[in-house]
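Participant: after the sequence you'll find the predicted model.
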Amino acid sequence: MINAFAVSSILIFVSLSFIAILVLWKGKDRKTKNVWFCLCLVVASWGFGGYKFATATSQEDAYFWRQIANIGVIFTPVLYYHFIYLLLGLEKKYQSFIRIISYILGIIFLFLNFFAPPNLFNGGLRFVFNEFYYSDWFQYRSLLYIAFYVLFYWFLLIFAFGILVSHFIQSKGLSRNQLKYIIFASLVAWIAPHSMFLIEFHIDIYPLPNFLIAIYPLIIAYAIIKYRLMDIKLAITRAGIFVAVYTLVLGLPFALAGSARNWLIENLGSQWWMAPLGLMAGLATVGPFVYIYLQRKAEEKLLREQRRYQDTLKQASLGMTRIRNLNKLLNLITHIITRTVGITYAGVYLYNQDTDEYVLQVSRDKGRVPVPKLSPDNPLISWIMVKREPMIYEEVKRMREDTKDPTFVHFEEVMHLLTASVIIPIFLEDKFLGFVVLGDKISGQIYTDEDLSVFQVLASQAALAIENAQFYEDAKEMQEQIAQAEKMATIGTMADGLSHQINNRFYALSLIAGDSIDTIKMMDTSKCTPEVKDMIEQLNHALERIQVNVMQGGEVVKGIMKYTRKGEEKFEPLTMDQIIDGTLEMVQYKVKLSEIDIARDYQKDGFKIKGNLIQLQEVFFNFIDNANDAIAERKATLKEEGYRGKITIRARALADRVEIIFEDNGMGIKEENEKKIFTPFFTTKMSSRRGTGLGLYVIRRIIEDMHKGTITHESQYKSGTRFIVELPLDIQPSK
């Protein structure tokens, strides 16, 4: 006869079988999911056996199916402890010893269950609640059965539960949330078996708690499949709705068949079974829709606050692209996330091309010292770039515990240093711009799948906004460089007038100083006192120094004129020394030549270049200036003991060409910058006297367009750079 206990048992069998298959298919951790799969199977065996002995019509059948159900009774505590053992990563020897002993005892008790006489282990049966047969310990009073009950359902379960609570007290963040609902699920789960043991000892309370066995695996299984999405209220609500709906779907037809069977036979005859079958079919059709409707309503109520801030984040993401100031944009992003969602910490890391690092741009948490930067070589960065999805600390931690892979050990360490519960990557199509670090929620709640989806949408919008802001700042900087270049060009056009005015002043000073010196020489100082003679000598020396400095000033003006004057377009035979000597005359006023070594490696007067002197001096000037900056950068960055800058200039004739190599031992060029060095307005100079980025672009035009030559480069970062120039050789006609 169908009864409530039979209905609850068949519900346990159906739901646990489904969950076992689902976990085996979806679970990520092999060991944990295998143990949980076995646990679900033995609980399902209890459900199936319980249904059969609850509907058995004879004691012999009831006893056999009770033995089948006992597979679950015996091994459920053992597998539950093993599951907790794996879940918490227990490593102490006595914990492992208890696990092994529990399996050995379980096998022994299983043997007794099937092969020992009733008086030794299982006991007898009695008819209870006028519905079904159940075990009766008092018929034989087996001490072995009492030992089994105390060892497995008191000692082993309490020990496992105590470990669970201990880890819960010590945990925090998402892990604490996870353990909270596992503890709750465990309490729900073990009410049922303990209530049913009471019947065996003649405390006859109807075993309605058997329905609870179908609930707790739903909650824990959801954790195994995708535990980052666990919300205890949501998980329990979903499980409760599922059990309630499908209890009605399965229970009402059985109840109708059991309670109204005689009436149905009288009215429907031999086809009476069609009524409960039709009711089951109708309820099975309506059941999923009822479940979805009730679940949606429950989630709307439970997740009202979460949906509110998710909508706020979506709205905020739409307006980000209008913000052009990068720092303001990043501060806005972190402010919105921390205030709207309620997060303990948020930070944004972006790739810095100059330093080749992911640098912390903004962070919101005054109480901590953030990690300032991460290298692109960091395995965490490589993992994010390949996976292109959020990284969750609890998942990384679990993978480290389950696989023992040193990669995940490193991931966990880095995320711990970053104070990261979640890392959200920022991608603009295939370009990885950086990532957002999010700490724990202040409320202690977990990050749901919906949260992560919203954060990814926010990151996508932020990527576009960041790109726009960076482009705007680069364009603004380029405009400033253009203005500076125009200013320098204006100064160049003014050089003729300025040099004329300066030379006039120098000429006047030279005349005044010369006349004064002549006057002093013509004076008769024989009658002067020693003090006056000394004063006259000092004046004479000062005037001579003025004349020397006037001459040097004139040379400086002459050099400036030579550099800034456009010069004639004519090409003439030039020796290497002609070009280099003129270049060094000018470069000495910008570069401290005494602090670097300049080596010349070429055959003097062995060949001549066909070129424009002024233009080639500009090219050589830029080479030496850039090399000097690279040397200064290496000196400041690497701080190598005994390091001294060196520029080597080599040249040799090749058929109708001259190959000239400028080589330095400076900082070199980063690989990602090598393709851009000839781009207008691109510069790698880090000093406050940052260049306009026109030098190498102009050099290429002079070499390739004006001289019909070629220019290439080779560089190794932190070692040095060499530029290879080929220019036309001046070939003299044979006489």
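Facilitator: Here it is on my side, so go on.
Participant: list the buried residues of stretch 699-708.
Facilitator: For stretch 699-708, a neighbour-count test (16 or more other Cβ atoms under 10 Å) marks Ile699, Arg700, Ile702, Ile703, His707 as buried. The way it works is simple: take the backbone N, C-alpha and C, and place the C-beta from them, glycine included.
Participant: ok, residues contacting that stretch?
Facilitator: Contacts to stretch 699-708, defined as Cβ atoms under 8 Å, 6 or more residues apart in numbering, come from residues 571, 611-612, 615-616, 618-619, 622-623, 678, 709-711, 725, 727-728.
Participant: before we move on, back to that, in TSV, list the buried residues of stretch 699-708 along with pLDDT.
Facilitator: Output for the buried residues of stretch 699-708, formatted as TSV (pLDDT from 0 to 100):
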residue	pLDDT
Ile699	83
Arg700	85
Ile702	84
Ile703	88
His707	88
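Participant: now those residues in CSV, with secondary structure?
Facilitator: Formatted as CSV, the buried residues of stretch 699-708 follow (DSSP: H, G, I helix; E, B strand; the rest coil):
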residue, secondary structure
Ile699, helix
Arg700, helix
Ile702, helix
Ile703, helix
His707, coil
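Participant: of those residues, closest to Asp136?
Facilitator: Minimum distance to Asp136 across the buried residues of stretch 699-708 is 99.8 Å, recorded for Arg700 (Cβ to Cβ).
Participant: farthest pair in the contacts of stretch 699-708?
Facilitator: The largest separation in the contacts of stretch 699-708, counting by Cβ to Cβ, is between Phe571 and Phe678 at 23.2 Å.
Participant: buried subset of the contacts of stretch 699-708, written for ChimeraX?
Facilitator: The buried residues among the contacts of stretch 699-708 can be selected in ChimeraX (16+ other Cβ under 10 Å) with this line:
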select :571,611,612,615,616,618,619,622,623,678,709,711,725,727
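Participant: out of the contacts of stretch 699-708, who's nearest Thr355?
Facilitator: Thr355 has its nearest neighbour among the contacts of stretch 699-708 in Phe678, at 22.1 Å by Cβ to Cβ.
Participant: filter the contacts of stretch 699-708 down to the ones in helices?
Facilitator: Gln615, Leu616, Glu618, Val619, Asn622, Phe623 (DSSP state H).
Participant: just the pLDDT at the closest residue to the last one other than its chain neighbours, thanks.
Facilitator: When you say that, I think you mean Phe623. Leaving aside its sequence neighbours, Phe623 sits nearest to Phe662 (Cβ to Cβ, 6 or more residues apart in numbering; 4.3 Å). Looking at Phe662, its pLDDT stands at 93.
Participant: so Phe662, which of the three states?
Facilitator: For Phe662, the secondary structure call by three-state DSSP comes out as strand.
Participant: which residues sit in contact with it?
Facilitator: Phe620, Phe623, Ile624, Ala627, Ile647, Thr648, Ile649, Arg722, Phe723, Val725.
Participant: let's go with 10 Å and repeat that
Facilitator: Neighbouring residues of Phe662 by Cβ atoms under 10 Å, 6 or more residues apart in numbering: 619-620, 622-624, 626-627, 647-651, 713, 721-725.
Participant: measure Phe148 to Val532 for me?
Facilitator: Phe148 sits at a distance of 126 Å from Val532 (criterion: Cβ to Cβ, to the nearest Å).
Participant: neighbour-wise, which of these two wins?
Facilitator: Neighbours of Phe148 and Val532, each counted by other Cβ atoms under 10 Å, are more numerous for Phe148; the result is 22 against 11.
Participant: part of a strand, is the more buried one?
Facilitator: No - counting by three-state DSSP, one finds Phe148 to be helix, located in no strand.
Participant: so how many other residues sit close to the spatially closest residue to it that is not a sequence neighbour?
Facilitator: Among residues not flanking Phe148 along the chain, Phe109 sits closest, at 5.2 Å (Cβ to Cβ, 6+ apart). If you count neighbours by other Cβ under 10 Å, Phe109 ends up with 22.
Participant: thought Phe109 was touching Phe115?
Facilitator: No - using Cβ atoms under 10 Å, Phe109 is not in contact with Phe115, being 11.2 Å away.
Participant: which parts of this protein belong to which domain?
Facilitator: Using automatic domain parsing, the domain parsing of the chain gives 4-225, 231-302, 306-473, 475-564, 572-728.
Participant: need the pLDDT of Lys404.
Facilitator: At Lys404, the model reports a pLDDT of 72.
Participant: roughly how far does it sit from Ser270?
Facilitator: For Lys404, the distance to Ser270 equals 64 Å [Cβ to Cβ].
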